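Would you be able to build a 3D model of this:
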Amino acid sequence: MKQFFLIIAVFGFSISFAQKLEYTDGKIFQDGEQLSSFETKNLMKTDLKALHLFKKAKSKESIGGFILGLGIGGTVADLVMGLTSDDKKYPTVITYAGVGLMAVSIPILSGRKKMVQESVDIYNAGLKEQNKTLGDNFELNIVNNSNGVGLRINF
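Residues are numbered from 1 along each chain as shown. A predicted model of the protein is given here:
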């Protein structure tokens, strides 16, 4: 019976430390396994500040990527029209608008990786606080009395 409680206690502590997230090369990992954005959002539901920052970074990435794609598409389309048509003068307003959209997307896209890293750090710090609280309230004692030896666990 002692071994059973000891195994449960050790397993409980290992699970609580196994939830830590790592952010490397633009990807989020948990225990060496890459997580999708959906899985990351589900994990961060317990820490609203980290979740808000993660969603903000993903929104920034989506909007910036769309604007960058629109700028590149417009510039390339105008270039193709200029190369295939003899009577069209190249560059036109579409090229300038495309270059402008690409320039606008740069500040939008900047800082998103830092925001994701910060959200992962906030989430991990919250896990440490939860584990610290669990460790402060958890007691495992061996009790010896006239009835025999026993194990006492206080939460």
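
What helices and strands are in contact with whichever strand or helix holds A57?
Using DSSP states H and E, A57 falls within helix 48-84. Where contact means 3 or more C-beta pairs under 8 Å, 6 or more residues apart in numbering; DSSP states H and E, helix 48-84 is packed against helix 37-43, helix 93-109, helix 112-137. C-beta coordinates here come from the backbone N, C-alpha and C atoms, glycine included.

what is the mean pLDDT for that helix?
Mean pLDDT, helix 48-84: 94.

Now do the same contact list for the residue nearest to L109 when sequence neighbours are not counted.
Distance criterion C-beta to C-beta, 6 or more residues apart in numbering; nearest residue to L109, sequence neighbours excluded, is G64 at 3.7 Å. By C-beta atoms under 8 Å, 6 or more residues apart in numbering, the contact set of G64 is 105, 108-109, 112.

closest to N147 out of the helices and strands packed on helix 48-84?
helix 112-137 (26.7 Å; C-beta to C-beta).

after the closest one, next one along is what?
Past helix 112-137, the next helix or strand by DSSP H and E is strand 139-145.

Can you give me the buried ones in that following strand?
Within strand 139-145, no residue counts as buried by 16 or more other C-beta atoms under 10 Å.

can you dump the C-alpha coordinates of it into PDB?
Taking Å, rounded to 0.1, in the frame of the first residue of the first chain, the C-alpha atoms of strand 139-145 are listed here in PDB:
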ATOM      1  CA  GLU A 139       2.500  16.700   3.100                       C
ATOM      2  CA  LEU A 140       3.600  13.100   3.100                       C
ATOM      3  CA  ASN A 141       4.300  11.600   6.500                       C
ATOM      4  CA  ILE A 142       5.100   8.200   7.800                       C
ATOM      5  CA  VAL A 143       3.100   7.600  11.000                       C
ATOM      6  CA  ASN A 144       4.000   5.100  13.700                       C
ATOM      7  CA  ASN A 145       1.500   4.300  16.500                       C
END
